[in-house]
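Provided below for reference: sequence and predicted model.
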Amino acid sequence: MDYRVKDLVVENVTAPKRAELATSYQKTFTEKILVEKKEDKKHA
Amino acid sequence: MLNFEEFQQYILDHIREELPKELKNAHVDLNEVNKNNGKVLTAILVRAEGNSVAPTIYLDGFYKSYEDGAELENIIRDVADTAAKHQDEEFGNLAHDFQNFEFVKDKIVMSLVNAEKNEQVLKDTPHTMEEDLAVTYKVVIDSDEAKGGLATITIKDAHMKAWGVDVEQLHSLAMENSNRMMPATLRSMNDVIREMMSKDGMPDDLLEMMVQDIPADQQMYVISNSQSLNGAASIIYSDALQQLAENLGTDLYVLPSSVHEVIAVSQNMGDPQMLAEMVQEVNEGQVSLEEQLSDHVYNYNASTQKLSLADTTMEQLEMSKVSENNQSYEAPSQEANRPKHHR
């Protein structure tokens, strides 16, 4: 809940859940970067 | 079916009927609030007579419920209940104390936002540019590590003027305070995922099977702060990037995963264009507009200890912006398009 204290805006932020974001990055990084690196090594 | 403007007016006109006795004479106002990245929310403020504190109740979510079929009378009751429930929040003499620089100076911290998407807000907000990102400054009012919550007030030009300080002083205080109040954290993505799964109750032996061992220089690293809030700014106020670069023995690419954290990888891993595509893809699918930091990837040079755009340049960004403006209307000068630069 945010509050207005006279003309001041007090903003409340809560720590977001990060499970989906972390796994998305891990999955995309593995698929796009790590796999490609391994393929490059194979062809080298 | 009411449109959003009619809905707001309806709530404004009828909320008193549902407010408890002690709030019958409350001041009730509608207000637009600028959130991060140009998001604007409409709020109703209900302030008890003689009180200086008003909870800010955002109506956008309530309107969504109305569109989904909720009854107006139930919505008004919910808004009134929320207003009544949050009247007791104590801020002491905040409005008075906030005018005193001695009160705020040890509580000033920094956050990192996208300069272009916050162009309007930055016009009256002191900030320091870091490539296409802007460091802004906030005063921490309350911090609850156990609940993972942080209450802050964003410093505006008017506050800075009233205190008689400049942006360099704010920046220097924010560097010191942020390091003390919310120290940077640096963890491998594997450890982050392992911890999240463990919290969800996954047994250790299964975890070990799920999370593969990857060589250190092929891993992603998450840099944030002790509260995981506004943690992307920790790459400005801490030496986390330098530590990581030294450990890996390479320069780094920095992926701006959100305003709350960044991801860093060795420059041996992938090219910046490919990494930028990955950031854009995840931003579109997983990150709310308010939490997005940037679609670009940054280079961290360990010798110069400098951050710079890796997949594009500031000149290219300016050019594409001017070209976009030319397509839609007669563009103002390029300089006028730049966010205000305080340093």
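Good, I have the coordinates.

residue closest to the middle of chain A?
A:Leu21 (4.1 Å; C-alpha atoms, centre = their mean).

helix/strand/coil for B:Glu208?
Secondary structure assignment for B:Glu208 (DSSP: H, G, I helix; E, B strand; the rest coil): helix.

report pLDDT for it.
In this model, B:Glu208 is scored at 76, pLDDT.

with B:Ser143 instead?
Looking at B:Ser143, its pLDDT stands at 85.

excluding chain neighbours, give the residue nearest to it in space.
Using C-beta to C-beta, 6 or more residues apart in numbering or on different chains and skipping the chain neighbours, the partner closest in space to B:Ser143 is B:Leu150 (5.3 Å). All C-beta atoms are positioned from the backbone trio N, CA, C, and that covers glycine.

does the one you found touch A:Asn12 like I think?
Yes - in this structure, B:Leu150 is within contact of A:Asn12 by C-beta atoms under 8 Å, at 7.2 Å.

for burial, what's the neighbour tally of B:Asp78?
By other C-beta atoms under 10 Å in any protein chain shown, 15 other residues sit near B:Asp78.

before we move on, the earlier item: looking at B:Leu150 and A:Asn12, which is more packed in?
B:Leu150 (24 against 16).

quick one, phi/psi of that one?
With angles defined as degrees, to the nearest 10, B:Leu150 sits at phi -140, psi 130.

tell me the contacts of it?
Going by C-beta atoms under 8 Å, 6 or more residues apart in numbering or on different chains, B:Leu150 touches A:Asn12, A:Val13, A:Thr14, B:Val140, B:Asp142, B:Ser143, B:Asp144, B:Gln227, B:Leu229, B:Asn230.

count of neighbours near B:Val222?
B:Val222 has 26 neighbouring residues, counting by other C-beta under 10 Å.

just the C-alphas of the strand or helix carrying it, formatted as CSV.
Element membership for B:Val222, per DSSP states H and E: strand B:221-225. Coordinates of each C-alpha in strand B:221-225 appear next as CSV, following Å, rounded to 0.1, in the frame of the first residue of the first chain:
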residue,chain,number,x,y,z
TYR,B,221,25.7,-14.6,-12.0
VAL,B,222,22.9,-12.7,-10.3
ILE,B,223,23.8,-9.3,-8.7
SER,B,224,21.3,-7.7,-6.5
ASN,B,225,21.2,-6.4,-2.9
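
can it be found next to chain A?
Yes - using C-beta under 8 Å from any C-beta of the partner chain, strand B:221-225 reaches chain A at B:Val222.

so which bits of the stretch 151-300 of chain B are right by chain A?
Residues of the stretch 151-300 of chain B lying near chain A (C-beta under 8 Å from any C-beta): B:151-154, B:189, B:192-193, B:196, B:200, B:214, B:218, B:220, B:222, B:227-230, B:255, B:257-258, B:260-261, B:263, B:265, B:269-270, B:274-275, B:277-278, B:281-282, B:285-287, B:291.

which of the contacts of B:Leu150 lies closest to B:Ala115?
Closest approach between those and B:Ala115, by C-beta to C-beta: B:Asn230, at 15.8 Å.

still on that earlier bit, and the buried ones among the contacts of B:Leu150, selectable in ChimeraX?
In ChimeraX syntax, the buried subset of those is picked out as below (16 or more other C-beta atoms under 10 Å in any protein chain shown):
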select /A:12,13 /B:140,143,227,229,230
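
OK, contacts around B:Gln218?
Counting by C-beta under 8 Å, 6+ apart, B:Gln218 has contacts A:Leu34, A:Lys37, B:Ser266, B:Asn268, B:Met269.

just send those back as JSON lines, with distance to B:Asp88 too.
Putting the contacts of B:Gln218 into JSON lines (distance: C-beta to C-beta, whole Å) gives the following:
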{"residue": "A:Leu34", "distance to B:Asp88": "52"}
{"residue": "A:Lys37", "distance to B:Asp88": "57"}
{"residue": "B:Ser266", "distance to B:Asp88": "51"}
{"residue": "B:Asn268", "distance to B:Asp88": "55"}
{"residue": "B:Met269", "distance to B:Asp88": "51"}
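
buried among the residues you listed? Make that a PyMOL selection.
This is the PyMOL syntax for the buried subset of the contacts of B:Gln218, where burial follows 16+ other C-beta under 10 Å:
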select buried, (chain A and resi 34) or (chain B and resi 266+269)
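
least confident pick among the contacts of B:Gln218?
For the contacts of B:Gln218, the model is least confident at A:Lys37; its pLDDT is 67.
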